[in-house]
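Student: Compute the structure for the input listed below.
(6 chains)
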4 protein chains.
Amino acid sequence: MKQKKPKYRQIIDAAVIVIAENGYHQAQVSKIAKQAGVADGTIYLYFKNKEDILVSLFQEKMGIFIEKIEEEIELKSSAAEKLYSLIEKHFSLLAEDHHLAIVTQLELRQSNKELRLRINEVLKGYLNVVDKIVTAGQETGEFREDLELRLARQMIFGTIDETVTTWVMNDQKYDLPSQAKKVHDLFVYGFKHLEK
Amino acid sequence: MKQKKPKYRQIIDAAVIVIAENGYHQAQVSKIAKQAGVADGTIYLYFKNKEDILVSLFQEKMGIFIEKIEEEIELKSSAAEKLYSLIEKHFSLLAEDHHLAIVTQLELRQSNKELRLRINEVLKGYLNVVDKIVTAGQETGEFREDLELRLARQMIFGTIDETVTTWVMNDQKYDLPSQAKKVHDLFVYGFKHLEK
Amino acid sequence: MKQKKPKYRQIIDAAVIVIAENGYHQAQVSKIAKQAGVADGTIYLYFKNKEDILVSLFQEKMGIFIEKIEEEIELKSSAAEKLYSLIEKHFSLLAEDHHLAIVTQLELRQSNKELRLRINEVLKGYLNVVDKIVTAGQETGEFREDLELRLARQMIFGTIDETVTTWVMNDQKYDLPSQAKKVHDLFVYGFKHLEK
Amino acid sequence: MKQKKPKYRQIIDAAVIVIAENGYHQAQVSKIAKQAGVADGTIYLYFKNKEDILVSLFQEKMGIFIEKIEEEIELKSSAAEKLYSLIEKHFSLLAEDHHLAIVTQLELRQSNKELRLRINEVLKGYLNVVDKIVTAGQETGEFREDLELRLARQMIFGTIDETVTTWVMNDQKYDLPSQAKKVHDLFVYGFKHLEK
DNA sequence: GATGAATGAGTGTTCATTCAT
DNA sequence: AATGAATGAACACTCATTCAT
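Tutor: Residues are numbered from 1 along each chain as shown, chains lettered A, B, ... in the order given. Sure thing, here's the model as predicted:
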């Protein structure tokens, strides 16, 4: 089967809209069902439970997210360029989808610990991409060899994430993608070999 | 007894323990009361409602947190040293209080939007400290003048926060304070004047 | 089954029984649900909240009450006869339904001001019937023209209500409908033209 | 002891004010204590419990009420005149004390069954006065001998009470004592001997 | 007598999930 | 496959009353 059942995506898209517009705690299953144009019970033919909707939502959206970022990265040769593409694409993909930005940066974080652990599993795919860029940079000599992978990863993800969250909390007032260059600069200065 | 409001602190400390051990959504008022050794109703003599316990908890703990960091910073003269003290103290204060680390990094983030907005207000005090260090560094010429304050702030807070969260999610297995030096290096390389 | 909204009436009837047997303040929603043979949550599919159950109960029962009285009255031609039918039917309808009598005369009066205001709205339908009889009596010359409508209404309702309440408080020991004649006499003597 | 402790009356007067201004269900003991200018615990030195405050309030106020009515009645010789004095005094005493009118007509009726039973005990004193007037009227021949005492009592009390309640519910907009004459007329026409 | 801090029992309502149709 | 009526567990908060001071 090439295509998931249309209702599957229909429900996930409804969930993004309902959560973005009502907030996590006001996103009842019945509201999602209504937005999707199906009966409450129908939800349970496609998802095990409510948590499964949210995890699936994250997997689905993050899967596309990572795919698009990887496509972009493959076009670049240097690690620094790859890193720039990652930041720029991350910013522009969320700037293009206001609802998704709200859901991933604010609403889904209110989920309970268990759900967040499963979301973290999905996030690992993203962090792997980051890791590959850093490791590649070290192999080609672009980045310091004594740069700790975990630390670099935490800085890249932490900074990007905080930057997007601040932007969402400020009601997405300013242009996010245009911040990519400056963020990128901050990273690579710290990653390069120390010059005597 | 000299203690000012023994019950007030008693209840806040109980809340930290109950939330850390049971999770945000399993931290019922009655559980907090029991842990504090008072009746349910007594809680409401010191706090307006459940949300008020959590906001007060954050204010109280974060207030002490900021105070201690500021004390440490004042002893240093250069911006780079101040920044190091901030990171090191941030890490060590949370490493010393495992329960508090769990509560601030994982559990309190599950609170609803309104509560998080009030928590963000408290956080501004911390971010102000960060801002002052960066601005001072620019005035003394330690840091680049074209460094954007907001970006620097997002990188510092985002990286520190992500580093602590990763550490908590890994069950606080490794030593956090010893990471301070490497994190600090990453920051200052990006903040310094570009060398030709 | 032909019944329109079986559960709706089922719940209202259960409420009458529970309130009559336990008293207003001991009539918890869960008790009403149990008596009705439904789950607690089911109540809220048919009623907005607990107050809505009580207002609906009063509307439903008082609606039938007024309907039956109006049917009876239409069969009579003179105002005096209509008034007699009103009294007699009022008494007999409550004498037939001991539970309802307790609920309307004793228990529902303990409701808060807001609820009683809404109950008074419903009562206006009854008072309108009274008004129509008095006015008709004045038009046909049976009753004095200088009889004040509001006063007559207060005397009729006040006396009937007090008579029923006394009867309920005396545990409905004596026969209520047989009092109708004497009550009626008291009214019409006061309503008639003064004889010189 | 000629005079009850001043605090006893102080608390009762505070209760009347608090209940009239806040409603029965918002008249907490602590609010009454504050209004009376005493500590919560002090209330319990003068009253067994909250219910006791309300019963005492009713006894105290109704006692004065009955006393004053009896004084007025004694000045009259005929039963009809006595009845008129009763009505007029009842109306004017409540018209003079707006707070008390609200408390007796609206708020105290929200009390639970047990409290109302005890209030009814107090009311009996009032009803005895009514009974004496009616009986005296029958003995002197003013009123019909076949007039049933209970019925006459119910009509007199029911009508007066309903009249006052309507007036309170209409925010005491019109003059109540001036209604006494018309109410009195309605009664005596029904009480007199039938004229052929 | 007077205080007021502390107590703890009690309940309306929501909403994820099920299952007969 | 699709429906949607029915379910029932779970919890923050109030306030009359007590009692050590």
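Student: can you pull out the helices in chain A?
Tutor: For chain A, the helices defined by DSSP state H occupy A:6-22, A:29-36, A:40-46, A:50-74, A:79-96, A:98-102, A:113-139, A:149-169, A:180-191.
Student: And the ones you listed: which comes nearest C:K132?
Tutor: Nearest of the helices of chain A to C:K132, taken as Cβ to Cβ: helix A:29-36 at 47.1 Å. Where C-beta positions appear, they are placed from N, C-alpha and C, glycine not excepted.
Student: Contacts (any at all) between DNA strand E and that closest one?
Tutor: Yes. Helix A:29-36 comes into contact with DNA strand E (Cβ under 7 Å from any atom of the strand), by way of A:29-30.
Student: Report the spatially nearest residue to A:A80, omitting neighbours in sequence.
Tutor: Nearest residue to A:A80 in three dimensions, chain neighbours excluded: A:V188, at 5.3 Å (Cβ to Cβ, 6 or more residues apart in numbering or on different chains).
Student: DNA strand F is nearest to which of the helices of chain A?
Tutor: Set against DNA strand F and scored by Cβ to the nearest atom of the strand, these come closest in helix A:40-46, at 1.8 Å.
Student: Now the residue nearest the centre of chain A: closest residue in space that isn't a chain neighbour?
Tutor: Nearest residue to the geometric centre of chain A (Cα atoms, centre = their mean): A:M62, 5.5 Å. In space, and not counting its chain neighbours, A:M62 is closest to A:V122: 5.1 Å by Cβ to Cβ, 6+ apart.
Student: quick one: contacts for the one you found?
Tutor: A:55, A:58-59, A:62 (Cβ atoms under 8 Å, 6 or more residues apart in numbering or on different chains).
Student: quick revisit: reformat the helices of chain A as a markdown table; add distance to C:G137 and mean pLDDT.
Tutor: Listed next are those as a markdown table, based on distance: least, Cβ to Cβ, whole Å; pLDDT from 0 to 100:
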| stretch | distance to C:G137 | mean pLDDT |
| --- | --- | --- |
| helix A:6-22 | 60 | 95 |
| helix A:29-36 | 56 | 97 |
| helix A:40-46 | 58 | 96 |
| helix A:50-74 | 66 | 94 |
| helix A:79-96 | 78 | 97 |
| helix A:98-102 | 69 | 95 |
| helix A:113-139 | 73 | 91 |
| helix A:149-169 | 73 | 96 |
| helix A:180-191 | 89 | 90 |
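Student: Show the pLDDT at A:H193.
Tutor: Per-residue confidence (pLDDT) for A:H193: 63.
Student: Pull out the buried residues from stretch A:59-72.
Tutor: A:59-62, A:65-66, A:69-70, A:72 (16 or more other Cβ atoms under 10 Å in any protein chain shown).
Student: of these, closest to DNA strand E?
Tutor: Set against DNA strand E, the nearest of the buried residues of stretch A:59-72 by Cβ to the nearest atom of the strand is A:Q59 (17.1 Å).
Student: Without its sequence neighbours, what residue ends up closest to the closest one?
Tutor: Once flanking residues are discounted, A:Q59 sits nearest to A:V122: 5.2 Å by Cβ to Cβ, 6+ apart.
Student: residues from chain A in reach of chain B?
Tutor: A:23-25, A:106, A:109-113, A:116, A:120, A:148, A:150-152, A:154-155, A:157-163, A:166, A:169, A:179, A:182-183, A:185-192, A:194-195 (Cβ under 8 Å from any Cβ of the partner chain).
Student: Nearest residue to A:H98 in space, please, no chain neighbours.
Tutor: Computed as Cβ to Cβ, 6+ apart, the closest residue to A:H98 that is not its neighbour in sequence is A:Q172, at 6.2 Å.
Student: now that neighbour: how far from chain D?
Tutor: Distance from A:Q172 to chain D, counting by Cβ to the nearest Cβ, to the nearest Å: 45 Å.
Student: And that residue, how far from chain C?
Tutor: Relative to chain C, and taking Cβ to the nearest Cβ, A:Q172 is found at 38 Å.
Student: With A:L45 instead?
Tutor: 23 Å.
Student: residues in contact with that residue?
Tutor: With Cβ under 8 Å, 6+ apart, A:L45 has no contacts at all.
Student: Go through stretch A:129-143 and flag the buried ones.
Tutor: Those would be A:130-131, A:133-134, A:136-138, A:142-143, for stretch A:129-143 by 16+ other Cβ under 10 Å.
Student: should've said stretch A:42-58
Tutor: A:43, A:46-47, A:50, A:53-58.
Student: go on, stretch A:85-96?
Tutor: Buried-residue list, stretch A:85-96, by 16+ other Cβ under 10 Å: A:85-95.
Student: re earlier: Throw the buried residues of stretch A:42-58 into a markdown table and include distance to DNA strand E, thanks.
Tutor: Output for the buried residues of stretch A:42-58, formatted as a markdown table (distance: Cβ to the nearest atom of the strand, whole Å):
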| residue | distance to DNA strand E |
| --- | --- |
| A:I43 | 7 |
| A:Y46 | 11 |
| A:F47 | 8 |
| A:K50 | 4 |
| A:I53 | 8 |
| A:L54 | 10 |
| A:V55 | 12 |
| A:S56 | 13 |
| A:L57 | 14 |
| A:F58 | 16 |
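Student: Reformat those residues into JSON lines and put distance to B:Q35 next to each item.
Tutor: Shown next, in JSON lines, are the buried residues of stretch A:42-58 (distance: Cβ to Cβ, whole Å):
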{"residue": "A:I43", "distance to B:Q35": "38"}
{"residue": "A:Y46", "distance to B:Q35": "42"}
{"residue": "A:F47", "distance to B:Q35": "37"}
{"residue": "A:K50", "distance to B:Q35": "30"}
{"residue": "A:I53", "distance to B:Q35": "34"}
{"residue": "A:L54", "distance to B:Q35": "31"}
{"residue": "A:V55", "distance to B:Q35": "32"}
{"residue": "A:S56", "distance to B:Q35": "37"}
{"residue": "A:L57", "distance to B:Q35": "36"}
{"residue": "A:F58", "distance to B:Q35": "34"}
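Student: Domain map for chain A?
Tutor: Listed by automatic domain parsing, the domain ranges of chain A are A:1-47, A:54-191.
Student: just the contacts of A:V122 now: which is nearest chain D?
Tutor: A:V55 (46.7 Å; Cβ to the nearest Cβ).
Student: can you tell me which residues contact the closest one?
Tutor: Here A:V55 is in contact with A:115, A:118-119, A:122 (Cβ under 8 Å, 6+ apart).
Student: which of those residues lies closest to C:A36?
Tutor: For the contacts of A:V55, the nearest to C:A36 is A:L115 (37.0 Å; Cβ to Cβ).
Student: That closest one touches A:D52, doesn't it?
Tutor: No. Between A:L115 and A:D52 there is no contact under Cβ atoms under 8 Å: 9.8 Å.
Student: got the residues of chain A near DNA strand F?
Tutor: Counting by Cβ under 7 Å from any atom of the strand, chain A sits next to DNA strand F at A:7, A:38-42, A:44-45.
Student: Nearest to chain D, out of these: which one, please.
Tutor: Nearest to chain D out of the residues of chain A next to DNA strand F is A:D40 (Cβ to the nearest Cβ; 37.8 Å).
Student: Does the closest one touch A:V29 like I think?
Tutor: Yes. Counting by Cβ under 8 Å, A:V29 is a contact partner of A:D40 at 6.1 Å.
Student: From A:L93, how far out is the residue nearest to A:H98?
Tutor: In this view, A:Q172 and A:L93 are 13 Å apart by Cβ to Cβ, to the nearest Å.
Student: What of A:E142?
Tutor: For A:E142, the distance to A:L93 - Cβ to Cβ - is 25 Å.
Student: Quick check: pLDDT value at A:N170.
Tutor: At A:N170, pLDDT is 91.
Student: Tell me, how many residues neighbour it?
Tutor: Neighbourhood size, A:N170 [other Cβ atoms under 10 Å in any protein chain shown]: 10.
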